[in-house]
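> here is a sequence together with a model predicted from it:
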Amino acid sequence: METKEIGIYIHIPYCRTICPYCDFVRHPTSCNIPSRFLEALKTEILSLPGSYSVKSVYFGGGTPSLMTSDQIAFILGVLASRFGIRIAEFSGENLQPIEITMEANPDDVTASKVADWQALGINRLSLGVQSFSEEVLKYLGRRHDACTAVRACEIVAGIYRNWSMDLIYGALPVETWESTLCMCKTFQPPHVSTYGLTYEKGTPFEARQDEKIEDDVSLELYRQAERELGTYFHYEISNFAKAGFEARHNLVYWTNEEYAGFGPGAYSFLENVRSRNEIDLDKYIISPCGKSERLNLSNYEVEVETLIQHFRLARGLDKSYYERRFGHPVTMRFGEKLQVLIQRGLLVEDEYAIRPTSLGFELNNEIGLVLVD
Amino acid sequence: MSSSREHIRNFCIIAHVDHGKSTLADRILELTGAVDPRNLKEQTLDTMDIERERGITIKAVAVRLTYKAQDGQTYVLNLIDTPGHVDFSYEVSRSLAACEGAVLLVDAAQGVEAQTLAHFYRALEQNLEIIPVINKIDLPSADIDSCRRQITEVLGLEGDEAILASAKEGTGTREVLEAVVKRIPSPKGDPDAPLRALIFDAVYDSYRGVIVYIRIVDGRATKGQEIVFMSSGDRYDIVELGVFRPAPDPMESLETGEVGYLICNIKTLRSVKIGDTVTDVASPAKDPLPGYEQIKPVVFCGLYPAAASDYEELRNALEKLQLNDASFVFQADNSDALGFGFRLGFLGLLHMEIIQERLEREFNLSLVATTPNVAYKVTTVDGKQLVIENASKLPPPNKIAEIAEPYIEAEIICPTEYLSSVIELCKRKRGVHVRVDYIDNKRCMAIYQMPLAEIVLDFYDKLKSCTRGYGSLEYRLIGFRPDNLVKLDILLNGDPVDALSCIVHRDRAEAIGRTLAQKLRKLIPRQQFEVAIQAAIGSRILVRETIKPLRKNVTAKCYGGDITRKRKLLEKQKEGKKRMKQIGNVEVPQEAFMALLSVGDEIDK
């Protein structure tokens, strides 16, 4: 049987404090991450059927930086035994065949920890700075303050070559966005994610919808980021990178390729099935292979989703890639719809690819609306 | 069982909506043993779900009951159900014409209402013996004395002799039946004359075809007889005839004075005209029974399939629906904005709502309806007379000499403390004051003449809200009157949208145009481009509103799992978009085409 390359996502659902806007599966804890959780992860990872090789690993959360070094090593060891990743591939930073990213909270960053993470094989850090404004950090209910954010950036920038800074715009007061962007640039992270704040259902922020900024303001902030980060390649709607530093794991999602997610609430997409793990942490620990959702997608649905995802990327959709993957040209099923989108100025087409325009980035959901039935 | 004519009583129950007509009918069915109380579904005579939900009866059904009276004799009672709503006044009048008497129900807590009066007058026109009954006397808020006074003073009946009843609890039912037997005369008519039967209703049954309800006025009808409908000249053989008890009971013949049904393989309700006379082909009657009228729709609206591909389906649905409701009419129509669809005519606003609801519910159709309007009589400068049922078909202003609109006379009954707000409302609706009558120290009746177009829009809702639900309304058409009427056009990005045109009074055109444009601005979602909404009379732009273009519509994060959620969300949005109409490059939600309905609210604010 053919060995497919997939991305691996590990969800660490523990946090010291709960951010009121976050809608990921998370649990407050003042203690260490319990070993029974790690045992559950191990059970789940080892139970995954099929033959796969790994192209990326991503520790997300929650707060993965709450893990001890031993715990990180434990999971990497389990992954190595399940997927046959050679330990050698974990070490060093250059020419990694696989990307291993961990999200880190500025509060957890110390020089010795960051050095440990690197030594363990984590070759990319995603630092959840969110803002350098004291007011915005308070508004977002973050655990760290602006000073901690600056210190964490200094440490990470000093140790990691490949790291990303996560920022949120649209939180009040919005005027702080410019200074946050300026601060960001001083650390020259090779990758920056800028997310518009959302007031998700089921979070405390849901009740605060009326604080949401107007579209026009949001657009202004978005364009401001694009201007300030002009030396970066704006390769995905919310992501900027220096050449060669695109988030390889996230590209798995944006190209709608296969991935396996482990941990409570994690999604997997394998063999046209998109499934979600048990969301409840206690239940997950008891039966780590339980699913809360399982969707069998038709080939057509996968094609629609693949298009929607690719049009989040500046490089858009490579037509020959599509034909190789699905066995027919993209025009066969979507020719008419793509023409509409091109006429509306949301997409452009050349010999090789169909790409979103900058309007196509700003009105990206309109593209999806045309593509779905 | 054939019955001697002296022992037949044909009667109906008339009442304002919700005064307890159907409940009393149920009690009567139980008491006469026609229905086992345990099997009685609530309100047996109302057959359609929509009717039951709205608490009104659309189709009349006649039931034959056997009643052993206190005088020891057994009587045959034919209970004829009447439609309860203002829109069906002609049908009501035909049902009444099949009776010799009527039980007039008055709610003990509500007293005489506008429809009580309207039904009462119609019953008087038919010379019916009227038995007043005060119902719902069990209610804590019942005011029996006041009801008696109202019956005496407003209706001119003997209020003191009114029967007290609570149909809910079953009290007074026997007294009602005794009064029916004692006071309502037995049917007259000539049993030896050629057959003349009044068609007072007809329903469509998918197995039997049309079931025609008749009252034999003269002669007799027998199974196998060849008959003719006098207005149309159509001939049929009687395949089956009989009575409902309430289950159908086929018989060999129906005699003078009897009420029953005919089945003669009639395929469509359109072939049967309510009020028509049935006679014998071999020995026909010389003259038809009086009172037959061709019913005419008074309210019109456009109905379009949300998806153009559903046009055939909509046509089929309309044809099917017309099988069991011949009182609405439709014809194919083509709107620049909405594409191919139909123009429908109804007896009234409620009738329209019921048909639209049935189309959506029973045929699962997604429809775009335009704001209802009335028919206008237009005189052109070269003296031609036109009837315009659709504002977009109005000739250009320079070709029009005069536009006349239908007027109604409205009787509005309300508690006295709301009279000033009712008068205020009528004035706003271009009403012409006729008079105010005081019913008692608490309630009064305001009589106004006003344009039907104003009633069609939102009058009834307005009346209910300005009288806290106590106001009741009855109206009748009184003819056409010319006025300073103009066509108001709505333009989207410079192009007039035919389906949004309306005919309004010139003095109100600008206010209506402004409110309409503002409403549309809120209803039409932001698009990729700026959308200009303008209201205009001819080439004169009165108002402009602008919908700013969509600036940012993007999902910030899209990682594992988010994509399926996003796709579902987009699919749901798309479903909503499918109900929108593409006009030029603008997507317009279907609510926009009904926006005029609530324009009044905004202007009044």
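That came through fine.
> use CA for all of it now, contacts and neighbours both
OK.
> wait, residue B:102 sits on residue B:11?
Yes. Look at residue B:102 against residue B:11 with Cα atoms under 8 Å: they come within range, at 5.2 Å.
> got any residues that touch both of those two?
Taking Cα atoms under 8 Å, 6 or more residues apart in numbering or on different chains as the contact criterion, the common neighbours of residue B:102 and residue B:11 are residue B:96.
> report how many residues lie close to the closest residue to residue B:115 other than its chain neighbours.
When the adjacent residues along the chain are set aside, residue B:115 lies closest to residue B:16, with 4.9 Å between them (Cα to Cα, 6 or more residues apart in numbering or on different chains). Counted by other Cα atoms under 10 Å in any protein chain shown, the residues lying close to residue B:16 total 26.
> quick one: secondary structure of residue B:16?
Counting by DSSP: H, G, I helix; E, B strand; the rest coil, the backbone at residue B:16 sits in coil.
> which residues are in contact with it?
B:84, B:105, B:106, B:113, B:114, B:115, B:116.
> how about the closest residue to chain B within chain A: what's its closest non-neighbour residue?
Using Cα to the nearest Cα, residue A:363 is the residue of chain A that sits closest to chain B, at 4.5 Å. Leaving out its chain neighbours, the residue that sits closest to residue A:363 by Cα to Cα, 6+ apart is residue B:553, at 4.5 Å.
> just checking, residue B:119 touches residue B:13?
No. Proximity of residue B:119 to residue B:13 does not meet the contact threshold set by Cα under 8 Å, at 9.8 Å.
> for stretch A:22-41, how far is the first residue from the last?
One end of stretch A:22-41 to the other measures 22 Å (Cα to Cα, to the nearest Å).
> and if you look at stretch B:260-271?
With Cα to Cα as the measure, the ends of stretch B:260-271 fall 19 Å from one another.
> buried ones in it?
B:260, B:261, B:262, B:263, B:264, B:266, B:267, B:268, B:269, B:270 (16 or more other Cα atoms under 10 Å in any protein chain shown).
> so which of the residues you listed sit within helices?
Cross-referencing the buried residues of stretch B:260-271 against helices under DSSP state H gives no overlap.
> just those residues now: which is nearest chain A?
Distances from those to chain A were compared by Cα to the nearest Cα; the smallest belongs to residue B:268, at 39.5 Å.
> contacting residues for whatever residue of chain B ends up closest to chain A?
Taking Cα to the nearest Cα as the measure, the point where chain B comes nearest chain A is residue B:553, at 4.5 Å. Each residue near residue B:553 by Cα under 8 Å, 6+ apart is listed here: A:215, A:362, A:363, A:364, A:365, A:366.
> now it, what are its backbone angles?
With angles defined as degrees, to the nearest 10, residue B:553 shows backbone torsions of phi -150, psi 90.
> any idea how far residue B:248 is from it?
Going from residue B:553 to residue B:248 by Cα to Cα gives 63 Å.
> all helices of the chain, in order?
Reading this off chain A. A:35-47, A:69-83, A:111-120, A:134-139, A:146-159, A:177-187, A:215-228, A:248-254, A:281-286, A:299-310, A:319-326, A:330-343, A:358-362, A:364-371.
> not quite, I wanted chain B
Applying DSSP H to chain B gives helices spanning B:21-31, B:49-54, B:89-97, B:114-125, B:144-153, B:173-183, B:311-324, B:349-362, B:419-428, B:452-454, B:460-466, B:506-523, B:562-578, B:599-604.
> least reliable of these going by mean pLDDT?
Mean pLDDT values for the helices of chain B show the minimum at helix B:49-54, a mean of 44.
> nearest residue to residue 29 other than its sequence neighbours?
Going with chain A. Distances taken as Cα to Cα, 6+ apart place residue A:16 nearest to residue A:29, at 5.3 Å, with adjacent residues excluded.
> hm, I was asking about chain B
Spatially, and ignoring its direct neighbours in sequence, residue B:29 is nearest to residue B:35 (5.6 Å; Cα to Cα, 6+ apart).
> right, and the one you found touches residue B:25 too?
No. Counting by Cα under 8 Å, residue B:35 does not reach residue B:25; the two are 10.9 Å apart.
> pLDDT below threshold where in chain A?
Judged against pLDDT under 70, the low-scoring parts of chain A cover residues A:1-2, A:86-96.
> domain assignment for it?
Described in terms of automatic domain parsing, the domain architecture of chain A consists of the residue ranges A:4-254, A:316-373.
> how long is the shortest one from one end to the other?
So the one you mean is domain A:316-373. Across its full length, domain A:316-373 reaches 21 Å between end residues, using Cα to Cα.
> what of the longest one?
The stretch domain A:4-254 measures 17 Å between its terminal residues, going by Cα to Cα.
> any idea how far that domain is from the chain center?
Taking Cα atoms, centre = their mean, to the nearest Å, the mean C-alpha location of domain A:4-254 is offset from the chain mean by 7 Å.
> check stretch B:179-189 too.
30 Å.
> next, the buried residues of that stretch.
B:179, B:180, B:181, B:184, B:185, B:186, B:187.
> now tell me what touches it from outside.
Under the criterion Cα under 8 Å, 6+ apart, residues B:5-11, B:69, B:75, B:100-101, B:103, B:129, B:131, B:217-219, B:256-257 lie in contact with stretch B:179-189.
> cool, and stretch B:431-440?
For stretch B:431-440, contacts defined as Cα under 8 Å, 6+ apart pick out B:146, B:149-150, B:153-154, B:426, B:444-451.
> at 6 Å what do you get?
The set of residues that contact stretch B:431-440 without belonging to it, under Cα atoms under 6 Å, 6 or more residues apart in numbering or on different chains, is B:444, B:445, B:446, B:447, B:448, B:449, B:450.
> now do stretch B:197-207
Applying Cα under 6 Å, 6+ apart, the set of residues contacting stretch B:197-207 from outside is B:94-95, B:210-217, B:274-278, B:324.
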